[in-house]
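Novice: Let's see this in three dimensions:
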Amino acid sequence: MASASLNECEDGVSNSQTSTEMQTLRISAESSRQRTDSLDSNGLPPTETTPLVTLERRQSEKHKVKKRRSLRQAVAKNLKVGLLFFAVLLSAVVFALEPERERMPHFLVARKGVPAQLDIAAGQPRGIITAKLQGPFIPTEINSTHYLTVVVRDGRARANSSVTTSKQQLVHLNMREAITSVDESEPHFVKLTFYLDKNLERKTDIHFHIESTENESVTFGLYYHGSPKVAEWEVIYAGLILVFVYVLIVFEFVHRTVAAMIGSLMALAVLSALNKRPTLEEVMEWIDYETLCLLFGMMTIVTIFSGTGLFDYAAIKAYKIAKGRAWPLITMLVLFSGIVSAFLDNVTTILLMTPVTIRLCQVLNLDPKNVLIAEVLFSNIGGTATAVGDPPNVIIVSHRDIKAHGINFANFTLHLSIGICFCMVAGYVALRIMYRSLKLENSFSPKIAELKREAEIWRRTANRVPSVSAEEKTVKALLLQKAAKIEHNMRQKLYHETSCESWKENLPNLEDKYRVTDKILLIKSTVVLVAVILLFFSYSFVSGVHVELGWIAVLGALWLIVLADVHQLEFLLEKIEWATLLFFAALFILMEALKEMELIDFIGDNTASLIKKVPEEHQLLVALVLIVWVSAIASSFIDNIPFTTAMIPIILNLGADPKLNLPLPPLVWALALGACLGGNGTLIGASANVVCAGLAEQHGHPFSFNYFFKYGFPMMLVTVFIATGYLLICHVAIGWNGV
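Specialist: Okay, here's the model as predicted:
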């Protein structure tokens, strides 16, 4: 029994040893396989690394990735600069090689049996001849027995021989204004385009041949220019330039002011290549100096006004009314901006309200850009309600032919204000929906926000200091050091702030901090501002005032500069948004150049053609829908002032065409609603948008084209949809087509 037990024990030990050996062999094989798998490409075992070496290797890899990214960014930046410089240089060369085109009209007289003739000068392209006639003409396509027949013909052909001519065109006469002197009336302009065939184009001696159906002499002016055949595609060139400018602005390749300047130069270069280069005086006439003067004057007044502390005081009062809540404040601001813009120009409204709004947002710890966008959107909506709220409305109501149809300030305001009330309600609902998931409050406390603004101001001031002399470099370094110190304090405060005061607890501190600082200057500024606003109203309603809005703003700025006894004029001028003013100047030139390339006329003519193809019973419905939506979309992407100017003759033609039998007033309301409400579509769709963006950027709260588009374009769609429904109900369903 003992031997048996001993044998069993030996067998157990032997089995245990065997199991241990097998486990050891298995672990060894696994380790060998791992070592084999971890060999490098040369078949060598890897070197053992410590945590410090691993950290250094990761940092080195991050540095390499960052270096490659920086290299790609540098290549992309240099490529962008190179392409833009090439485009600017090429445009400048094309522009410089072409002579300026003079626009001196030739005055001619024609009567029945005695035609007028004008030789076309040699030495210029003759594929397309464009003529502009000035005289007692009817700018409508109606059947009339009083007209001029205009052709381009071969000047060397004999009277009885076969004469090579272009296609003849008719210019209808207004015999009530057919007088012998153009200067004694307010003449209309009629543009004619002649596409010459190759036979007539090769002739060395061609001229205009103009015959009249009237026994009485008709005096008119005529000037012309020739263009190459490629001018047939000028609308495409204009569209490509506009798309190029928008690409620069949308993707923020350059500042929007630089993009407008590049686009205007390219447009002038294309006009030069088409033998349409304008003179310097003509380009200067394209700029709307009244708008620039209005902006400059009001910016000056607001800058001096801000030194009184009134904006801070108004912010605290609104803070108390809103009880520290965001949406009551936003509701109050958007309603106020919409109502005031109905009676005061919306650009002026935004200039006055933006500083107050920014201060309010600082007090309530809100992100100002969201509140400013809502404010400017409702300013554009409210400005549509009256004839003086938006520039397109002023252009429409002041047009001579529209006034001749009985449309004035009263009935214009009556028809539009009702529809705008519905648009305001729908717009507010849309705003609440769009902002429902948006965090209006800043993610940090007001103290941190104030430190951020202070550091930004120090850095901005440092960037303005030139680095020429040693003293200037020292000052710049000290300013940057101050900004860095503030940022360091800000980071420290982020870790220590844990409590959040209620609005009642915060109010006494805010009232002590934000108050009126200069009561004497406040009285002077208030008197001047009230006088300027009263003059704005008197300009719109009183016929005896002969100064326009731009003059009023500049005069008011000069009055306040004298009353405030401003000595540091350089400081005042630094507060002016020069980039915004330059952007508007470049934009005016760009839009007028695109108009010269027939882009705006192309949009209007095709709209009219579509309306004429519709059956008679649906023509009014289609006309209203097309005019309001085409105007809205076009005004979103091009300036609504030249578009409105180009569309007025088109709606006059539609209203006067006996084949269509369309009432003119509904077409006028549709144009006004579309052109004004369409300004909300993009950042450059309305002047108030650009002004608001410039002021926000100046105060350290910039918003991009895309950010504005995110909220502005849906708002435009909603309000235009409501306006379309209002027009269809009133003028198609009810038939309220009178003035």
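Novice: from here on, contacts and neighbour counts on C-alpha atoms
Specialist: Fine.
Novice: Report the contact partners of Leu222.
Specialist: Leu222 is in contact with 105-108, 131-134, counting by C-alpha atoms under 8 Å, 6 or more residues apart in numbering.
Novice: Same question for Ile684.
Specialist: By C-alpha under 8 Å, 6+ apart, the contact set of Ile684 is 636-639, 690.
Novice: Am I right that Leu265 sits in a helix?
Specialist: Yes - membership of Leu265 in a helix is supported by DSSP: H, G, I helix; E, B strand; the rest coil.
Novice: neighbours around the closest residue to it other than its chain neighbours, how many?
Specialist: Among residues not flanking Leu265 along the chain, Ser91 sits closest, at 6.5 Å (C-alpha to C-alpha, 6 or more residues apart in numbering). Neighbour count of Ser91, defined by other C-alpha atoms under 10 Å: 22.
Novice: Alpha carbons of the strand or helix carrying Val109, in PDB - could you do that?
Specialist: In this assignment (DSSP states H and E), Val109 forms part of strand 106-110. This file holds the C-alpha atoms of strand 106-110, laid out as PDB (Å, rounded to 0.1, in the frame of the first residue of the first chain):
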ATOM      1  CA  HIS A 106     -24.700 115.100 -81.400                       C
ATOM      2  CA  PHE A 107     -27.900 117.200 -81.700                       C
ATOM      3  CA  LEU A 108     -29.900 116.400 -84.800                       C
ATOM      4  CA  VAL A 109     -33.200 117.600 -86.300                       C
ATOM      5  CA  ALA A 110     -35.500 115.500 -88.400                       C
END
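Novice: Return the list of helices and strands in contact with it.
Specialist: The criterion is 3 or more C-alpha pairs under 8 Å, 6 or more residues apart in numbering; DSSP states H and E, and the helices and strands that strand 106-110 contacts are strand 116-119, strand 206-212, strand 218-227.
Novice: List of residues touching it?
Specialist: Here strand 106-110 makes contact (C-alpha under 8 Å, 6+ apart) with 115-117, 210-212, 217-223.
Novice: May I see the buried residues of that strand?
Specialist: If you call a residue buried by 16 or more other C-alpha atoms under 10 Å, then strand 106-110 has these buried ones: 107-110.
Novice: Stretch 568-584 now?
Specialist: Within stretch 568-584, the residues that count as buried by 16+ other C-alpha under 10 Å are 572, 576-577, 580-584.
Novice: quick one: terminal-to-terminal distance for that stretch?
Specialist: Start and end residues of stretch 568-584 are separated by 27 Å (C-alpha to C-alpha, to the nearest Å).
Novice: model confidence over that stretch, on average?
Specialist: Stretch 568-584 comes out with an average pLDDT of 87.
Novice: ok, now stretch 724-739?
Specialist: Taken as a whole, stretch 724-739 has a mean pLDDT of 89.
Novice: Tell me how far that stretch lies from the chain's centre.
Specialist: Here the centre of stretch 724-739 is set off from its chain's centre by 31 Å, with C-alpha atoms, centre = their mean, to the nearest Å.
Novice: what's the burial count for Val545?
Specialist: Counted by other C-alpha under 10 Å, the residues lying close to Val545 total 12.
Novice: thought it was touching Ser538?
Specialist: Yes - assessed by C-alpha atoms under 8 Å, Val545 is found in contact with Ser538 at 6.8 Å.
Novice: show me where the stretch 351-500 of the chain has helices.
Specialist: Assigned by DSSP state H, counting those that start in this stretch, the stretch 351-500 of the chain shows helices spanning 368-383, 391-398, 400-404, 409-434, 446-464, 470-496.
Novice: Kindly state which of those is positioned closest to Glu56.
Specialist: Closest to Glu56 of these, according to C-alpha to C-alpha: helix 470-496, at 27.7 Å.
Novice: Against which helices or strands is the closest one packed?
Specialist: Helices and strands touching helix 470-496, as assessed by 3+ C-alpha pairs under 8 Å, 6+ apart, comprise helix 446-464.
Novice: ok, and the helix or strand in the protein with the lowest average confidence?
Specialist: Ranking every helix and strand in the chain by mean pLDDT, DSSP states H and E puts helix 2-37 at the bottom, with a mean of 47.
Novice: Tell me the first helix or strand C-terminal of it.
Specialist: Sequence-wise, the next helix or strand downstream of helix 2-37 (DSSP H and E) is helix 51-97.
Novice: Give me the helices and strands touching that next one, please.
Specialist: Using 3+ C-alpha pairs under 8 Å, 6+ apart as the test, helix 51-97 ends up in contact with helix 256-273.
Novice: which regions of the stretch 451-600 of the chain sit below the pLDDT cut-off?
Specialist: For the stretch 451-600 of the chain, applying pLDDT under 70 flags the ranges 492-507, 509-511, 540-543.
Novice: Now do the strands in the stretch 451-600 of the chain.
Specialist: With strands called from DSSP state E, counting those that start in this stretch, the stretch 451-600 of the chain shows none.
Novice: and what of the stretch 151-300 of the chain?
Specialist: Here the stretch 151-300 of the chain has its strands, by DSSP E, counting those that start in this stretch, at 169-172, 188-195, 206-212, 218-227.
Novice: right, so of these, which gets closest to Ile339?
Specialist: The closest of the strands of the stretch 151-300 of the chain to Ile339 is strand 188-195. By C-alpha to C-alpha, the value is 37.1 Å.
Novice: How far off centre is that closest one?
Specialist: What separates the centre of strand 188-195 from the centre of its chain is 31 Å, taken as C-alpha atoms, centre = their mean.
Novice: Where does the residue nearest the centre of the chain fall, secondary structure wise?
Specialist: Residue closest to the average C-alpha location in the chain (C-alpha atoms, centre = their mean): Ile684, at 0.7 Å. Using DSSP H and E, Ile684 is not contained in any helix or strand.
Novice: between the buried residues of stretch 568-584, which is nearest Tyr435?
Specialist: So of the buried residues of stretch 568-584, ranked by how close each gets to Tyr435 (C-alpha to C-alpha), first place is Thr580, at 27.7 Å.
Novice: Helix, strand, or coil at the residue nearest to that closest one when sequence neighbours are not counted?
Specialist: Spatial nearest neighbour of Thr580, excluding adjacent residues (C-alpha to C-alpha, 6+ apart): Gly694 at 6.0 Å. On the three-state scheme (three-state DSSP), Gly694 is labelled helix.
Novice: from what I can see Gly694 touches Leu582, true?
Specialist: No - at 11.4 Å, Gly694 does not count as touching Leu582 under the criterion of C-alpha under 8 Å.
Novice: Tell me which residues are up against stretch 391-399.
Specialist: Contacts for stretch 391-399 (C-alpha under 8 Å, 6+ apart): 345, 384, 386-388, 402-403, 407-409, 412, 640-641, 644-645, 648, 668, 672, 675-676.
Novice: Apply the buried test to the residues you listed and list what passes.
Specialist: Neighbour-count burial (16+ other C-alpha under 10 Å) is assigned, among these, to 345, 384, 386-388, 402, 407-409, 412, 640-641, 644, 648, 668, 672, 675-676.
Novice: one step back: now distance to Ile138 and mean pLDDT too, for the helices and strands packed on strand 106-110, in CSV please.
Specialist: Output for the helices and strands packed on strand 106-110, formatted as CSV (distance: least, C-alpha to C-alpha, whole Å; pLDDT from 0 to 100):
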stretch, distance to Ile138, mean pLDDT
strand 116-119, 20, 88
strand 206-212, 15, 88
strand 218-227, 13, 87
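Novice: okay if I get those as TSV plus distance to Trp233?
Specialist: Below are these laid out as TSV (distance: least, C-alpha to C-alpha, whole Å):
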stretch	distance to Trp233
strand 116-119	27
strand 206-212	24
strand 218-227	12
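Novice: Nearest to Gly604, out of these?
Specialist: Gly604 lies closest, by C-alpha to C-alpha, to one member of these: strand 218-227, at 22.8 Å.
Novice: and that closest one with strand 206-212, angle?
Specialist: Counting by axes from the mean of the first three to the mean of the last three C-alpha atoms, to 10 degrees, strand 218-227 lies at 150 degrees to strand 206-212.
Novice: if I look at Val625, how far off is Ser631?
Specialist: According to C-alpha to C-alpha, Val625 and Ser631 sit 10 Å apart.
Novice: more neighbours, the two?
Specialist: It is Ser631, of Val625 and Ser631, that has more neighbours when counted by other C-alpha under 10 Å, with 28 against 23.
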